[in-house]
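Engineer: How does the following fold in three dimensions:
(2 chains)
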Amino acid sequence: MVRFSLNGVETEIAPDAMLLTRLREGLGKTSTKVGCEIGRCGACTVLRDGVAVNACLVMGWQLDGAEICTIDGLETMPAGQLLIKAMEIENGFQCGYCAPGVMMSLAGLLSGETIPTDAMIEEALEGNICRCTGYHSILRGARLARDMIKEKHL
Amino acid sequence: MKVARPDSLEQALSLITDGGVPVAGGTAFQLEYAQGTTPPAQYVPVGHLIPTGIKGLTIGAGTPLEDLRHAGIPLLSDACRDVAAPNIRRLGTLGGNLAWRKGCLVPALIALDALITTTNGSMPVLEYLSAPDGLVLSITLRPLEGGQIQSTWRKVGLRQAFTASVIATAGMMSLCDNTIVQIRLAAGGGATPAQRLTAVEHWLVGQNIHAIDQAILRQRLEDAIIAVDCPFRTASYRRKVAAASLAAGLFGLPLAPRNKMPEPSKTAFPPALTELSRLKGGDRWHTRPDMPAKLRGTFPYLTDKRADGMLVGRILRAGRPHALIRSIDTTKAESLDGVEAVVTHRDIKGLNAFGIVFQDQPALCHDKVRYTGDAVAAVAAIDAETAERALSLIEVVYDDLPVISDASCALAPDAPPVHTAGNLVTAVAHGRGDTSTGWAQAVHIVEDTYVTPRQMHGFMETEGGWAAPDGDGLIICAGGQHGSRDQMQLARILDVPADSLRVVTSPTGGAFGGKDELTVQPALALLAQKTGKPVRLHLSRAESVQAGTKRNPLTIRMKTGCDAQGNLVAQEVEVISDCGAYASLAPGVLETALEHVVGPYKIDHYRANGRLAYTNNGTCGAFRGFGANQMTFAIECQMDRLAVLAGLDPLEIRRRNLRIPGSPGVLGQRVAPSERLSEMLAAAAHSDMWQPFPVNADEIPGVGMALNYQGNGLGTIPQDEADFGLGLKDGKIQALCGLDEMGQGLTASLHGAVADRLGCARTDVCSVTGDTMLAPDSGSTTAARGGFVVWQGVNRTAPAFEAALLERAATIKGCTPEALKIVPGGVGETRLNSSTPCVSFAELGEIAPVMAHYDFPKTDYTKGNARFIFAFGATLARVAVNRITGMVRVVDLEMHTAAGPVIDMASYLGQMEGGLVQGLGYTLTENMSYQNGRPVAGNFDSYMVPSVKDVPEAMRITAHEGLDANDPYGPRGAGELGIGAIMPAIANAVATATGQCPATMPIAPETVLEMLEGAHGPL
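Structural biologist: You can find the predicted model right below:
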């Protein structure tokens, strides 16, 4: 078994298990969503050592000692708190099923050293499919979060 | 699968020699397994053993693509930008992309003359690709040096970003005094073989770049490039765009031809429009009540339910389009350890059929299968793995039948029947006047065949949920759009009383019509019944793609005539709709399409015929727009084409033909007041969208518009009623409404409508939705009927509820009810100009719900299905048509809407923006095509919904909220308006850029290139 940290808690996974399956089926952590299982929708996006990756493309053997942060850990991140606030203000989502993945892609971007430009926000979301919103409400929320972070010098 | 842990390269190599598969990022593997590749017995991770990082021009094979994307390496960094998406690029490595050999970076590496160093030595990239030898360790780039260096890179895919490669090209050249000294040209990516175009390179070397004949160059390139057909793009398209990419990328594009843009005529002033946005909305903009949980991952989707002892269900699909079932043997599956139940048709005690209109779809097939996604059996087991293994042990013997893969062929007299009664499901015909009289008056006639694709709903949460024993009956929880109807259909299948079933349908992660019909509920209910245990079942995307309902593809032959002044005089329309294997709501879709056959225009003479045919192409039914948008596409394109012939602008021809408010509808039916077509037209005429706008050098601009006219509600024939309640419990005002929250904003609308009406805060309201035990039957969450149901429900229950509430408060306060009013948080005193409560809602205890039953407003016409209430809109699109790829980029969208008062601004805006973009995908990239009864797309890798890069830079939405005096019908439906006219708006915009209207959707880039060449000559 491979040991990794899941939102700060020591956890195990088999080397040939998909992280997404381990989360949803093994651990019952269904806050991370499943949308395609081939890396083409982004619903399962999590942070591995601080950067956004698809949990359906990461397997146990790639997690030795890794720190995984899912949507459950988003509020422990300073940028995550502001992102949630901004998305609440802008009503970023509709059905919300893509939200955990989109939020983690943005959390990865907004936690970086650079204050992202609009173009960087769009690029960060290229791998996240949303079928409800047409993306503009998500982009408005992301830009508001960016502006709030800029103001707070996080 | 075993995963090795090699400590050294030598060890890794020996494991690979023994059959292990080397893996670095591993990002391509899941995709390959999904496409049918068998996973290897052993993975050999090598990422930790191979070099990583960039040293000068040498790149470690383990370097992630996302690092390279930001490394500023000529050509390669640009190319990495177009590989997958950042989250995947962080895992994927350069070595992996190369060793995969299908990666779209290959042409860039060829143009950079990369030297590949493997464990077996070094070799040029093309040599490595033709005979890979050893494990890739590093890649050394050898760009051209000396003189003036130019390079180019272009990847053409199926959408603007995050797409498989159709073809990618890379070029690099060095110049001395404008003479080509050295040049490298390469193509590849995806299905295209990696290639260097040496013959063309030899021809170019020594030439002055200003003396090169671009037409000859492109022809030479096209002749040289080796490409293949695939179900999405032809080989000739690949050659053409690759040639154009290289020629334009290195030698520049001729100036764009100037195209004539429409100049709109303006007559009436536009009405007062509410701009829908947070900034303009002020205190009308509220955070949706479901937003906080959705942002934190705590929203309770029904597919997320987990409980101890809960079994996992799986469904066995036919996997073949048309066959007789000779036998089904479940013995082996049943005897597998961990399997708790296998169900087949033999377990169905009631009617083994369902369907909202006709019950023609078996819950579990017994005698034959009619599409690849047909359900044959289902399994419940202790875990997913066991359930899947059990599926593979079920033995079904089939006799294959001829496949009906085309709706027209299905209607041929000798076509093999999909159902015993034949392939004609329904036929609809109506008309008015005498078309021969009309044609005699026609001066201009446009006739064409408009073809709309089979769109997939693509809700992010696929079909699924859970079921469990509940008292003497069952509880069945799965995303749906009408719990009471699901309950009735399930009771009929199980042969149990309907009230023994509790059906929960909310919340769900998107539906758009695709969860209107039963999906997984029959299998779930049967498994829970047979095992006596809770069972969950959630379709994988691949299964959802195969089995789920789609939008009916329509072939619309339309002939429309106008007189010299542009007045419409006659129209004839023939429609054939592909039903797929089962009727579901497809008969309603066809009927609705024909109900919109003349659009919002007056035509004295028309004939319309429609036929719906069974095929083996999946199964189709309800989808946002429900046929109206398909017909709107045809009629709105016809209007623009007739305008050109009559010398009118797009506004004027519509103005001349608009239906007169208050006149009968197309079927002669009475229609509701508050028609807003001329206002929508005025708003479109005064739009800035018609002004010139910048596009890229390789693009041609276009602008177009289309009108919306969308019927609301189910129509005259189906039962269309609602129950609604308002009560007080646990300190909250409960809105009891059996509609479903599927993302559209039902909850927000309920909270908004109650708060606005009663004067409480939105946070004082709690809504109870989508549960047959807790909420009343409010009808289906379809047909844009929710807005009316919510508003009318509140209207009808609020007076009695308010009276009961104030009376209770008056008793407590020892005053008269007249002295009190509802305020945020409770009840306050009328005499005080304050909104502070003197009694809180919690102190008021419980008030039994005040209930109301009401009809959705209907018209008087009952010979066919006719709508009474309509919503209106105008959509404007600015597009940029790419001269190299033929792809259409939507630059800007504007939509004016008239659907009465807006209940919740954020939800309404969301419906419009989301509808527009869903329609944009329907127009440009989405098609669930079938080949001989088998779906071509398998997942989101091959079915292209819009990505964030496919959406316009700006979307501006307005609402005209006013209703006529004494209009008693309140808010109109918002759910279907957004998607209603985007397709013709884009098509008309493309027509201004190319000179021709694209009639087959989605718009094929290859067709666009042909149209551009036709209009402007070689580009």
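Engineer: Looks to me like B:L590 is in a helix.
Structural biologist: Yes: B:L590: assigned to a helix according to DSSP: H, G, I helix; E, B strand; the rest coil.
Engineer: Now do residue 142: how many residues are near it, please.
Structural biologist: If you meant another chain, say so; for now it's chain A. 29 (other Cβ atoms under 10 Å in any protein chain shown). (Each C-beta comes from the backbone N, C-alpha and C, glycine too.)
Engineer: switch to chain B, that's the one I care about
Structural biologist: With other Cβ under 10 Å as criterion, B:R142 counts 13.
Engineer: Next: the one 5 residues further on.
Structural biologist: Summarising burial for B:G147: neighbours were counted as other Cβ under 10 Å, giving 15.
Engineer: ok, now the one 4 residues further on?
Structural biologist: The criterion is other Cβ under 10 Å. On that basis, B:S151 has 21 neighbouring residues.
Engineer: Report the beta-bridge partners for it.
Structural biologist: Beta bridges link B:S151 to B:M172, judged by DSSP bridges.
Engineer: Am I right that A:K150 is in contact with A:I115?
Structural biologist: Yes: if you go by Cβ atoms under 8 Å, A:K150 and A:I115 touch, sitting 5.3 Å apart.
Engineer: what's the closest residue to B:G828 other than its chain neighbours sitting at in phi/psi?
Structural biologist: Nearest residue to B:G828, sequence neighbours excluded (Cβ to Cβ, 6 or more residues apart in numbering or on different chains): B:P837, at 5.1 Å. Per-residue torsions, B:P837: phi -70, psi 150 (degrees, to the nearest 10).
Engineer: what about B:P837, distance to B:Q710?
Structural biologist: 42 Å (Cβ to Cβ, to the nearest Å).
Engineer: The two: who's more crowded?
Structural biologist: Neighbours were counted for B:P837 and for B:Q710 using other Cβ under 10 Å; B:Q710 has more, 32 against 22.
Engineer: Off-centre distance for the host helix or strand of that one?
Structural biologist: Secondary structure assigned from DSSP states H and E places B:Q710 in strand B:699-711. Distance, stretch centre to chain centre, for strand B:699-711: 19 Å (Cα atoms, centre = their mean, to the nearest Å).
Engineer: which residue is nearest the centroid of chain A?
Structural biologist: Closest to where the C-alpha atoms of chain A average out (Cα atoms, centre = their mean) is A:M104, at 1.7 Å.
Engineer: my read: the residue nearest to B:G828 touches B:K821, true?
Structural biologist: No: counting by Cβ under 8 Å, B:K821 is not a contact partner of B:P837; they are 9.8 Å apart.
Engineer: Could you list the contact residues of the stretch 601-750 of chain B toward chain A?
Structural biologist: B:M742, B:G743, B:Q744, B:G745 (Cβ under 8 Å from any Cβ of the partner chain).
Engineer: redo that, cut-off 6 Å
Structural biologist: B:G743 (Cβ under 6 Å from any Cβ of the partner chain).
Engineer: Residue of the stretch 601-750 of chain B nearest chain A, please.
Structural biologist: B:G743 (2.8 Å; Cβ to the nearest Cβ).
Engineer: what about that residue, is that helix, strand or coil?
Structural biologist: With three-state DSSP as the criterion, B:G743 reads coil.
Engineer: To what extent is it buried, counted in neighbours?
Structural biologist: Residues within reach of B:G743, counting by other Cβ under 10 Å, total 30.
Engineer: That one and A:C132 touch, don't they?
Structural biologist: Yes: under the criterion of Cβ atoms under 6 Å, B:G743 makes contact with A:C132 at 4.9 Å.
Engineer: what is in contact with these two at once?
Structural biologist: The contact sets of B:G743 and A:C132 overlap at A:Q94, A:C95, B:G510 (Cβ atoms under 6 Å, 6 or more residues apart in numbering or on different chains).
Engineer: Report the contact partners of residue 43.
Structural biologist: Because you didn't say which chain, this covers chain A. With Cβ under 6 Å, 6+ apart, A:A43 has these contacts: A:K33, A:G35, A:C98, A:G101, B:M460.
Engineer: My question was about chain B, not that one.
Structural biologist: B:V3, B:V21, B:V23.
Engineer: Show the pLDDT at the closest residue in space to A:A107 that isn't next to it in sequence.
Structural biologist: Distances taken as Cβ to Cβ, 6+ apart place A:G80 nearest to A:A107, at 5.0 Å, with adjacent residues excluded. For A:G80, the pLDDT comes out at 97.
Engineer: Quick check: which element contains A:G80?
Structural biologist: helix A:78-90.
Engineer: next structured bit after that helix?
Structural biologist: Immediately after helix A:78-90, counting by DSSP H and E, sits helix A:99-110.
Engineer: Show me what that next one packs onto, helices and strands only.
Structural biologist: strand A:45-48, strand A:51-54, helix A:78-90, helix A:136-152 (3 or more Cβ pairs under 6 Å, 6 or more residues apart in numbering or on different chains; DSSP states H and E).
Engineer: which residues touch the helix or strand just after that helix?
Structural biologist: Scanning forward in sequence from helix A:99-110 by DSSP H and E, the next helix or strand is helix A:118-124. Applying Cβ under 6 Å, 6+ apart, the external contacts of helix A:118-124 come out as A:S105, A:L109, A:A142, B:P86, B:V948.
Engineer: what do you get if the cut-off is 10 Å, keeping everything else the same?
Structural biologist: Outside of helix A:118-124, the residues within contact range by Cβ atoms under 10 Å, 6 or more residues apart in numbering or on different chains are A:52, A:102, A:105-110, A:112, A:114, A:116-117, A:135, A:138-139, A:141-143, A:145-146, B:69, B:81, B:85-87, B:161, B:947-949, B:951, B:953.
Engineer: circling back to that earlier point, figure out which of the helices and strands packed on helix A:99-110 is closest to B:G60.
Structural biologist: strand A:51-54 (18.5 Å; Cβ to Cβ).
Engineer: ok, back up a step: ok, how many other residues are close to the residue nearest to A:A107?
Structural biologist: Using other Cβ under 10 Å, the number of residues around A:G80 comes to 24.
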